[in-house]
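>>> structure here, sequence nowhere to be found:
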DNA sequence: GTACTATCATAGGATGTCCAACGATGGGAA
DNA sequence: TTCCCATCGTTGGACATCCTATGATAGTAC
């Protein structure tokens, strides 16, 4: 009769009666760590926001048997000229460790969404090449994510742009580009 | 002679000659997905910012044999009245799945930083209780993180507050509190 | 008072991330 | 040419996260 936890638990069952990050910040201040309190709150907020968004995204991708990590890899190939890129280039662009690329390509290959092909001149290098099924699935996943998450991320349009500007600076200073 | 990759690889070796997220946004626009482009950029930026911050934090915690997940759990106990909380409460406060709590407490217990003790009245429940070593290590880790990350997260003070306000709204609307 | 349902913690499995180490290949220096 | 070192991808291991399912206990409904 009542709502319960029909399908996805998704951790979100529990709404706290207060903001846990604001609470942590008050404790930081009370501890005498005032100069770090605001930064602690910001870092923790980013961690939590990432977790929330990732859960929303993965929930949308579940029927398609994709995750955000593999979706990002597919889209990188979709936007590449030949639908194929060296694994090392994929790692640089997605900013993940080489072993993460190997792992993701392993799964995508098992799903028939990607193929490993040799590099034309460098025998050390392998290319991940999109299959027709991979391209099709990537576009279907984009349509769904655009509608359900990206078009309405839970922020006002001007907040979205403010966030983009601030985080662009953070990424730049961290040496991303 | 040159810099190279002395100790930590940390993925960060590769600085791209352009902003990969701005590039993705341009492609979204070109694809006709304009209404979702800004949100896609924001979501991706949050993902990347989280990854960068987590790497900085875990790098600082490595000598202490801690990770951010276990550090957060320890600090939650430090700030609790009795230095002990039910595992279910820990899960609610940290917003993670019950199995993640079990896993983290397992490791902390193996490290001698936490003890499992029975709940006084509810025999289903177990409490994670801080040991003296756990409390001491949590404070040492806080000192280090305050100095190296939280006090200087890579953002101007007013950006930190803007971020906090925007992400507080996001978390609230997602049902966190 | 008994039966149903909810809650608590856990086990097992999947995924993604990192690190350390390895074999194969490429390229530059002596 | 030969040697040294960088680069590329992979394997194996650690950690964190989620999901599904399970057993034990608590609380409620009849």
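All right, it came through fine. Note that the structure is a prediction, hence the values are computed from the model and not measured. Numbering: from 1, shown residues only, chains lettered A, B, ... in the order given.

>>> use CA for all of it now, contacts and neighbours both
Will do.

>>> around DNA strand C, which positions in chain A sit nearby?
A:2, A:4, A:66-70, A:95-101, A:103-104, A:107, A:121-124 (CA under 7 Å from any atom of the strand).

>>> list buried residues within the residues you listed.
Buried members of those, scored by 16 or more other CA atoms under 10 Å in any protein chain shown, are A:66, A:67, A:68, A:70, A:95, A:96, A:97, A:101, A:104.

>>> give me the subset of those lying in helices.
Judged by DSSP state H, the subset of those located in helices is A:68, A:70, A:101, A:104.

>>> quick check: closest non-adjacent residue to the last one.
On the basis of CA to CA, 6 or more residues apart in numbering or on different chains, the spatially nearest residue to residue A:104 that is not a chain neighbour turns out to be residue A:70, at 6.1 Å.

>>> from residue A:103, how far out is that neighbour?
10 Å (CA to CA, to the nearest Å).

>>> give me the neighbour count for residue A:37.
Residues near residue A:37, counting by other CA atoms under 10 Å in any protein chain shown, number 22.

>>> so where do the helices sit in chain A?
Using DSSP H, the helices found in chain A span residues A:20-30, A:34-61, A:68-78, A:87-94, A:98-110, A:132-145, A:157-173.

>>> can you add mean pLDDT and distance to residue B:164 and give those helices back as CSV?
Below are the helices of chain A laid out as CSV (pLDDT from 0 to 100; distance: least, CA to CA, whole Å):
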stretch, mean pLDDT, distance to residue B:164
helix A:20-30, 97, 9
helix A:34-61, 97, 5
helix A:68-78, 98, 25
helix A:87-94, 97, 26
helix A:98-110, 98, 31
helix A:132-145, 98, 25
helix A:157-173, 97, 10
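
>>> reformat the ones you listed as CSV; add distance to residue B:132.
Formatted as CSV, the helices of chain A follow (distance: least, CA to CA, whole Å):
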stretch, distance to residue B:132
helix A:20-30, 20
helix A:34-61, 24
helix A:68-78, 40
helix A:87-94, 42
helix A:98-110, 38
helix A:132-145, 47
helix A:157-173, 37
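
>>> out of the ones you listed, nearest to residue B:173?
helix A:34-61 (10.7 Å; CA to CA).

>>> for that closest one, packing partners?
Helices and strands touching helix A:34-61, by 3 or more CA pairs under 8 Å, 6 or more residues apart in numbering or on different chains; DSSP states H and E, are helix A:20-30, helix A:68-78, helix A:132-145, helix B:34-61, helix B:157-173.

>>> among the ones you listed, which is nearest DNA strand D?
Among the helices and strands packed on helix A:34-61, helix B:34-61 comes nearest to DNA strand D, with 9.2 Å by CA to the nearest atom of the strand.

>>> near DNA strand D at all, that closest one?
No - using CA under 7 Å from any atom of the strand, helix B:34-61 never reaches DNA strand D; the gap is at least 9.2 Å.

>>> what does stretch A:100-118 give?
Yes - using CA under 7 Å from any atom of the strand, stretch A:100-118 reaches DNA strand D at A:101, A:102, A:103.

>>> so which of the residues you listed comes closest to residue B:20?
Proximity of the residues of stretch A:100-118 next to DNA strand D to residue B:20 (CA to CA) peaks at residue A:101, which lies at 17.1 Å.

>>> residues in contact with that closest one?
For residue A:101, the contact set (CA atoms under 8 Å, 6 or more residues apart in numbering or on different chains) comprises A:87, A:90, A:91.

>>> how close does it sit to chain B?
12 Å (CA to the nearest CA, to the nearest Å).

>>> in terms of pLDDT, where does residue A:15 sit?
Listed pLDDT for residue A:15 reads 80.

>>> hang on, it packs against residue B:172?
No - between residue A:15 and residue B:172 there is no contact under CA atoms under 8 Å: 9.3 Å.

>>> just give me the residue right at the centre of chain A.
Most central in chain A under CA atoms, centre = their mean is residue A:68, positioned 5.2 Å from the mean C-alpha point.

>>> for that residue, give me its contacts.
A:54, A:57, A:58, A:61.

>>> same question, residue A:151
B:35, B:36, B:37, B:38, B:39, B:40.

>>> and those residues, which of them are buried?
Buried members of the contacts of residue A:151, counted by 16+ other CA under 10 Å: B:36, B:37, B:38, B:39, B:40.
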